[in-house]
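Participant: coords please:
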Amino acid sequence: MLRRLFIALHVPTKVVSYIEDAQRQVKQELNAQRWQPLHNLHLTLHFLGDVDEQRIPELQKDIQIVSSIIRPFSLAIDHFGSFPQGGKPRVLWLGMQGNVESLQQMHLLLGKRLDRHQNIQFDKRPYEPHVTIARKPFLHDERSLPLADWSQRFLPHPKPSWMVEEITLFQSELLPEGAIHTPLFTSLLGETTNL
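Facilitator: Numbers count the residues shown, from 1 in each chain. From the prediction side, this is the model:
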């Protein structure tokens, strides 16, 4: 049986509250085809798509290996961004600050582990760490999104930081009422286990 999977970091409640406030403010200036539900906020490391469920134990081992190498580190919300940058955006997101180097290393090491598997596809483009807040955003006029202005106005200081302490493998079920993300496996950072 195939399962739609992704590897991600959990966003803690205090950060979700901050994002909720920013999302509420930007909604006053922007429409979107879909706003990301707050209960589904996460920071994706790798989206895997449809994977045979028999591969899940291998993925769990990969996550354990990488999580044993990386020590807990701090992140914080930093700025608004969009994909693609410039032009007509498909995704509105919030970028990261803090120990982004550890986050990049985690992404890279997971990618190297995933590369060893046949039949597991993942995005190999340069990694831009972010939390998605809207899909297909649009303004009523044709101007580009005022991302720098929104970052100043809607992301007040102090921006909440949090300690990243675990990596989670999620299953995503697409339902008419929206996606449901279910954690399947979590591995603590810096914890060595019998691999």
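Participant: So what's the gap between the strand or helix carrying residue 22 and the chain middle?
Facilitator: Assigned by DSSP states H and E, residue 22 falls within helix 13-27. Relative to its chain's centre, helix 13-27 lies at 15 Å (CA atoms, centre = their mean, to the nearest Å).
Participant: Following element in sequence after it, please.
Facilitator: Counting by DSSP H and E, what follows helix 13-27 is strand 31-35.
Participant: Could you spell out the sheet neighbours of the next helix-or-strand element following that next one, each with its direction?
Facilitator: Following strand 31-35 in sequence order, the next helix or strand is strand 42-52 (DSSP H and E). Sheet pairing here is set by DSSP bridges, and for strand 42-52 it gives strand 2-10 (antiparallel).
Participant: residues making contact with the partner strand?
Facilitator: 42-53, 56, 59, 63, 75, 110, 164, 166-174, 184 (CB atoms under 8 Å, 6 or more residues apart in numbering). Where C-beta positions appear, they are placed from N, C-alpha and C, glycine not excepted.
Participant: Distance-wise, check the most centrally placed residue in the chain relative to residue 146.
Facilitator: In the chain, the residue lying closest to the centroid (CA atoms, centre = their mean) is residue 43, at 2.0 Å. Here the criterion is CB to CB, to the nearest Å. By it, residue 43 lies 24 Å from residue 146.
Participant: How about residue 101?
Facilitator: 29 Å.
Participant: Please apply the same query to residue 69.
Facilitator: With the distance defined as CB to CB, residue 69 ends up 40 Å from residue 146.
Participant: same thing with residue 109?
Facilitator: 36 Å.
Participant: Quick check: residue 58 touching residue 117?
Facilitator: Yes. Under the criterion of CB atoms under 8 Å, residue 58 makes contact with residue 117 at 6.6 Å.
Participant: The nearest residue to residue 42 once chain neighbours are set aside bridge partners, please.
Facilitator: Spatially, and ignoring its direct neighbours in sequence, residue 42 is nearest to residue 8 (4.2 Å; CB to CB, 6 or more residues apart in numbering). In this entry, residue 8 is beta-bridged to residue 44, residue 168, by DSSP bridges.
Participant: secondary structure element for the residue with the largest distance to the centre of the chain?
Facilitator: No residue in the chain sits farther from the centre than residue 141, which is 29.1 Å out by CA atoms, centre = their mean. Residue 141 belongs to no helix or strand when elements are defined using DSSP H and E.
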